[in-house]
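S.K.: need the 3D shape of this:
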Amino acid sequence: MTWSVDSWKARPLAQEIHYEDTAGADAVVTKLRQLPPLVTSWEIERLKKLVAEAQAGKRFLLQGGDCAEMFADCKPDIITSKLKILLQMSLVLVHAGKIPVVRVGRLAGQYAKPRSKLTEERDGVVLPSYFGDLINRPDFTPEARRADPRAMLDAYGHAALTLNFVRSLSDGGFADLHHPEYWDLAFLSRADLPPEMREEYTQTSHRLSEALRFMEALGETTVDELTSVEFYTSHEGLNLHYESAQTRTVPRRTGHYLLTTHLPWIGERTRAVDGAHVEFFRGIENVVGVKIGSNVDPADALNLLEFLNPNNEAGKLVLITRMGAAHVQRALPPLVDRIHRAKRKVLWVCDPMHGNTIPTANGLKTRSFDDILFEIEQTFAIHHDSGSFLGGVHFELTGEDVTECVGGGLTEEDLDRNYASVCDPRLNYRQALEMAFRVGHWLGRAKPSLRF
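M.R.: The predicted structure is shown next:
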């Protein structure tokens, strides 16, 4: 049970990355160990405190961003649009649920993506799959698909630039962030939106505008000057060479901190309790997320949680369920019941995206807006019926006007207009904002007794 920064190397490694240039990989890891951290231990400890409060029903977590960030998208307008939609969504949830929201972006590090197939075949040519810019490139050539250790330094640099810009925006605010009358609420005009829901959302936006204007008048200043926005980053810790290189002790604190991000998570494909990823993440002080799919055995899930958090520390674990609309009613209740009866301290978060990926007639990956809504609604209900409560949601989304998920105003015929994702489909700005109103509708109706 002895843990070290490199003890994961003695365990089976799922989604293993093969660097042909081993000397180059070692040199990059050495360089990364010498570079300043991307985040700080006190930010991590602050997030752990907020997650502990969310576990007690006193906060709600909103996590969202790209399926896989690309270095080419490290641009001010793209970063701004991502942050803007997450902050706008959080304001809707705060107003609807009357509860503070913890904002966490899949941002400044989501450069690696696990794949169901390690190789890809086109016209008889077989090459490694694209695992994200942290590892290789999407072009279908042997050179592009070869794992490049230098990409780890590029990832560090782009993450640092992104974090610097995000912190500036969070401190300075946006001109239209706190004015819902300026938001794009075009989804309210959709013909298939029930009239009573349209009226509810319209009134919510008006009341939110009035409340924010009142705050400004009360403080005789702007909302941005009244309070700065707390914003945290997250990504899947797939490439353990990269993650371990930025893991270290810090002065006046005990333990090791992973300093590439505030909230790393372990994926559904890498959560084997005897595997390298679980071995690595059990030894760090960060809040750790764990993705759980519909095929999980509740006993195995409980064993995993006990292994990752043997002292049952509050704020330590975020359990992200990704069941799928077709399986949530079968798979989630026994899992919630087993963890709840064991009194394990976890923050339950619903990821309604990854279990609902479907192919179109021409083989393009998409997701149904209605399936996403159904899984969230059922997850709220299942937790309520089990004496538990849903403490957060996790979306793949973008602030851009992409056409990747059907529903919410888009059909399959619309997908070709602007399908920009290199991996999985994301909600666009209008779909994400509507999703916030829907989640707020359910959150606002959660029984106050659950917030103990």
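S.K.: can you pull the contacts of the spatially closest residue to Ala245 that is not a sequence neighbour?
M.R.: The shortest distance from Ala245 to any non-neighbouring residue, by Cβ to Cβ, 6 or more residues apart in numbering, is to Leu32 (3.6 Å). The C-beta positions use only the backbone N, C-alpha and C, and glycine is treated the same way. Neighbouring residues of Leu32 by Cβ atoms under 8 Å, 6 or more residues apart in numbering: Met152, Leu153, Tyr156, Tyr242, Ala245, Gln246.
S.K.: Ile44 now?
M.R.: Shown in contact with Ile44 (Cβ under 8 Å, 6+ apart): Tyr257, His262, Glu285, Asn286, Val287.
S.K.: now it: which helix or strand?
M.R.: helix 41-55 (DSSP states H and E).
S.K.: toward the C-terminus, what is the element adjacent to that helix?
M.R.: strand 60-65.
S.K.: C-alpha coordinates for that following strand, PDB please?
M.R.: The C-alpha trace of strand 60-65 is given here as PDB (Å, rounded to 0.1, in the frame of the first residue of the first chain):
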ATOM      1  CA  PHE A  60     -24.700  22.600  -6.400                       C
ATOM      2  CA  LEU A  61     -21.900  21.900  -8.800                       C
ATOM      3  CA  LEU A  62     -22.000  22.800 -12.500                       C
ATOM      4  CA  GLN A  63     -19.200  21.200 -14.600                       C
ATOM      5  CA  GLY A  64     -18.900  21.700 -18.300                       C
ATOM      6  CA  GLY A  65     -16.800  22.400 -21.300                       C
END
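S.K.: that one relative to helix 41-55, how many degrees between them?
M.R.: Going by axes from the mean of the first three to the mean of the last three Cα atoms, to 10 degrees, strand 60-65 is angled at 120 degrees with respect to helix 41-55.
S.K.: strand 60-65 pairs with which strands, and in what direction?
M.R.: With DSSP bridges as the test, strand 60-65 is paired with strand 101-106 (parallel), strand 392-396 (parallel).
S.K.: next, format these as JSON lines and append distance to Glu200 and mean pLDDT.
M.R.: What follows is these, written out as JSON lines (distance: least, Cβ to Cβ, whole Å; pLDDT from 0 to 100):
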{"stretch": "strand 101-106", "distance to Glu200": "19", "mean pLDDT": "96"}
{"stretch": "strand 392-396", "distance to Glu200": "19", "mean pLDDT": "98"}
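S.K.: point out where the stretch 201-350 of the chain drops to low pLDDT.
M.R.: Low-confidence segments of the stretch 201-350 of the chain, defined by pLDDT under 70: 212-229.
S.K.: is it correct that Leu134 is in contact with Asn239?
M.R.: Yes - if you go by Cβ atoms under 8 Å, Leu134 and Asn239 touch, sitting 5.5 Å apart.
S.K.: sorry, back to before: now the helix holding Ile44, how far from the chain's geometric center?
M.R.: Centroid displacement of helix 41-55 relative to its chain, using Cα atoms, centre = their mean, to the nearest Å, is 16 Å.
S.K.: switch to numbering from 2
M.R.: All set: I'll call the first residue 2, so the last point we hit is now helix 42-56.
S.K.: CA atoms only for that helix, dumped as PDB, please.
M.R.: Provided in PDB are the C-alpha atoms of helix 42-56 (Å, rounded to 0.1, in the frame of the first residue of the first chain):
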ATOM      1  CA  SER A  42      -2.700  24.000  -3.200                       C
ATOM      2  CA  TRP A  43      -4.900  26.600  -1.500                       C
ATOM      3  CA  GLU A  44      -7.200  26.700  -4.500                       C
ATOM      4  CA  ILE A  45      -7.500  22.900  -4.300                       C
ATOM      5  CA  GLU A  46      -8.300  23.100  -0.600                       C
ATOM      6  CA  ARG A  47     -10.800  25.800  -1.200                       C
ATOM      7  CA  LEU A  48     -12.600  23.600  -3.800                       C
ATOM      8  CA  LYS A  49     -12.500  20.600  -1.500                       C
ATOM      9  CA  LYS A  50     -14.300  22.700   1.100                       C
ATOM     10  CA  LEU A  51     -16.900  23.800  -1.400                       C
ATOM     11  CA  VAL A  52     -17.400  20.200  -2.600                       C
ATOM     12  CA  ALA A  53     -17.900  19.100   1.100                       C
ATOM     13  CA  GLU A  54     -20.600  21.700   1.400                       C
ATOM     14  CA  ALA A  55     -22.200  20.400  -1.800                       C
ATOM     15  CA  GLN A  56     -22.100  16.900  -0.300                       C
END
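S.K.: so which bits of that helix are buried?
M.R.: Within helix 42-56, the residues that qualify as buried are Ser42, Glu44, Ile45, Glu46, Leu48, Lys49, Leu51, Val52, Ala53, Glu54, Ala55, Gln56, counting by 16 or more other Cβ atoms under 10 Å.
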